[in-house]
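Engineer: What follows is a predicted structure for the sequence shown.
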Amino acid sequence: MRRTAGEVNKKTIYRYYDYSLLFLILFLVSFGLVMIYSTSSYNAQRMYGNATYYLERQALLAGAGILVMLFVSKIDYRIYFNNLPIIKVKPIIFLYFLCIGLQIYVLKFGEVINGAKRWISLGSLGRFQPSELSKIAVILFTTYIVQLAPRKLDKFTGFLRVVLFIAPLLGLIVIENFSTALVAGVIMVAICFVASKKKGYFVISAFLLIALGALLIILEPYRFERINIWQNVETHPKGYQILQGLYAIASGGVFGKGLGESMQKLGFIPEAHNDMIFSVICEELGLFGAFALILLFILLIWRIFIIAINAPDLTGGLIATGVMAHIATQVLINIAVVTNTIPSTGIPLPFISYGGSSVMVILFEMGIVLSISNQIKGEK
């Protein structure tokens, strides 16, 4: 049966879903679990009598995070900016004030670990770090403020308007954790930069933000001390962890000692499964493994970039930009700290470092990005 010209030219509209991004996420989470077991089994056996103690806890939260990610990926991301049907409140407004409340709570009643008050105890369920959830709030609330009047960002006053709205949350994060506030600040600036047609005033803004950051470092003795440690890591008494991490990187060579064969994780690097996990990756898998991991992160960021530029609206593009800035900033800072390129600061390696709050939040963000990809329409 011969088809008419109209039937031949008719194209099917379908919704896209970025399975490449999903595969990269699942691979990084799986690789992270393998490395957490490798780096933590010795200390877990010594302290808890169970070599898989840290692995089991991370695997449980990572598994829950993946389920949340898949669920969120099938929800239209625009729902976060629309009024809820019963209480007539936008979810992003609720999330913003919830995070402010949690930040205040942790400053008053938070659990102190290693001299830092950053966690809320959940009893047998573990601990929760509100600053991680605040990163999602910064991404979504900045997007919300920008998309209300995007053309205002063409002027410096428009950028200040966004900063003033985000300032209450950022200020509380600074008090709790300066490095997390730095990441949140980069996220905010990245979203504003992409949304603005005029880029010149961002040079002035960068100098102002750098000056503010320097002032915050100088006014806090322990932050300023980290610069001295960075400059004298071989002789400073508190440079031990970074120095041992550098020994691990150097001893790994090109192809490493082999998975599970690290010596530095045997008590030399304190809590090697946390922020210093990249040094053990270098020791066990060598420069080859380290570059392969960096390449995976580049591919992940590239996929998010593709989603951002093909997003069906400004809101989706800005959310994806914020998530991309979040992951890229944390990867750069973590690797820079481990290699002693910049002064030490507590930033986990996304998907890889041990930490339930971190992996849950990042997987939730990935769910939103996959949701954006699912709204991209194509023809075939």
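Structural biologist: Here it is on my side, so go on.
Engineer: only C-alpha atoms for contact and neighbour calcs from this point on.
Structural biologist: Will do.
Engineer: All the helices of the stretch 1-150 of the chain, in order from the start?
Structural biologist: Taking DSSP state H, counting those that start in this stretch as the test, the helices found in the stretch 1-150 of the chain are 5-9, 19-48, 53-73, 91-109, 130-148.
Engineer: Would you mind getting the angle between the last one and helix 91-109?
Structural biologist: Here helix 130-148 runs at 150 degrees with respect to helix 91-109, directions being taken by axes from the mean of the first three to the mean of the last three Cα atoms, to 10 degrees.
Engineer: and helix 130-148, what does it pack onto?
Structural biologist: Here helix 130-148 touches helix 91-109, strand 116-121, helix 156-176, helix 178-195, helix 314-338, helix 356-374, going by 3 or more Cα pairs under 8 Å, 6 or more residues apart in numbering; DSSP states H and E.
Engineer: Quick check: which of the ones you listed has the most neighbours on average?
Structural biologist: Among the helices and strands packed on helix 130-148, helix 356-374 has the highest mean neighbour count (mean count of other Cα atoms under 10 Å), at a mean of 25.
Engineer: so what does it touch, helix or strand wise?
Structural biologist: Applying 3+ Cα pairs under 8 Å, 6+ apart, one finds that helix 356-374 makes contact with helix 53-73, helix 130-148, helix 277-310, helix 314-338.
Engineer: Just the residues contacting stretch 366-378, thanks.
Structural biologist: With contact meaning Cα atoms under 8 Å, 6 or more residues apart in numbering, stretch 366-378 is reached by 13-18, 21-22, 68-77, 304, 307, 310-312, 316, 319-320, 323.
Engineer: And for stretch 168-180?
Structural biologist: Contact with stretch 168-180 is made by 96, 99-100, 103-104, 107, 116-118, 131-132, 134, 181, 184-185, 345-347, as judged by Cα under 8 Å, 6+ apart.
Engineer: what about the stretch 101-250 of the chain, any weak spots by pLDDT?
Structural biologist: Counting by pLDDT under 70, the ranges of the stretch 101-250 of the chain that qualify are 114-116, 124-125.
Engineer: repeat that for 80
Structural biologist: 110-119, 121-127, 213-214, 216-225, 237 (pLDDT under 80).
Engineer: Same question for the stretch 251-380 of the chain.
Structural biologist: Scanning the stretch 251-380 of the chain for pLDDT under 80 picks out 267, 271, 346, 377-380.
Engineer: Let's have the helices of the stretch 1-150 of the chain in CSV, adding distance to Ala290.
Structural biologist: CSV is the format used below for these (distance: least, Cα to Cα, whole Å):
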stretch, distance to Ala290
helix 5-9, 49
helix 19-48, 12
helix 53-73, 21
helix 91-109, 35
helix 130-148, 25
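Engineer: from the ones you listed, which stretch is densest packed?
Structural biologist: The most buried one of the helices of the stretch 1-150 of the chain (mean count of other Cα under 10 Å) is helix 130-148, showing a mean of 23.
Engineer: looking at this, Trp230 is in a strand?
Structural biologist: No: remark: Trp230 does not belong to a strand; assigned using DSSP: H, G, I helix; E, B strand; the rest coil, it is helix.
Engineer: Verify the contact between it and Val338 for me.
Structural biologist: No: contact between Trp230 and Val338 fails when scored by Cα atoms under 8 Å: they sit 10.9 Å apart.
Engineer: what do the two both touch?
Structural biologist: Taking Cα under 8 Å, 6+ apart as the criterion, Trp230 and Val338 both touch Ser344.
Engineer: Distance to Met263 added to the helices and strands packed on helix 130-148, as TSV?
Structural biologist: Shown next, in TSV, are these (distance: least, Cα to Cα, whole Å):
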stretch	distance to Met263
helix 91-109	37
strand 116-121	28
helix 156-176	34
helix 178-195	29
helix 314-338	17
helix 356-374	26
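Engineer: Tyr48: which of these is closest?
Structural biologist: Comparison of these against Tyr48 by Cα to Cα identifies helix 356-374 as nearest, at 18.6 Å.
Engineer: now the closest one, how far from the chain's geometric center?
Structural biologist: The chain centroid and the centroid of helix 356-374 are separated by 10 Å under Cα atoms, centre = their mean, to the nearest Å.
Engineer: Good, we can wrap up now.
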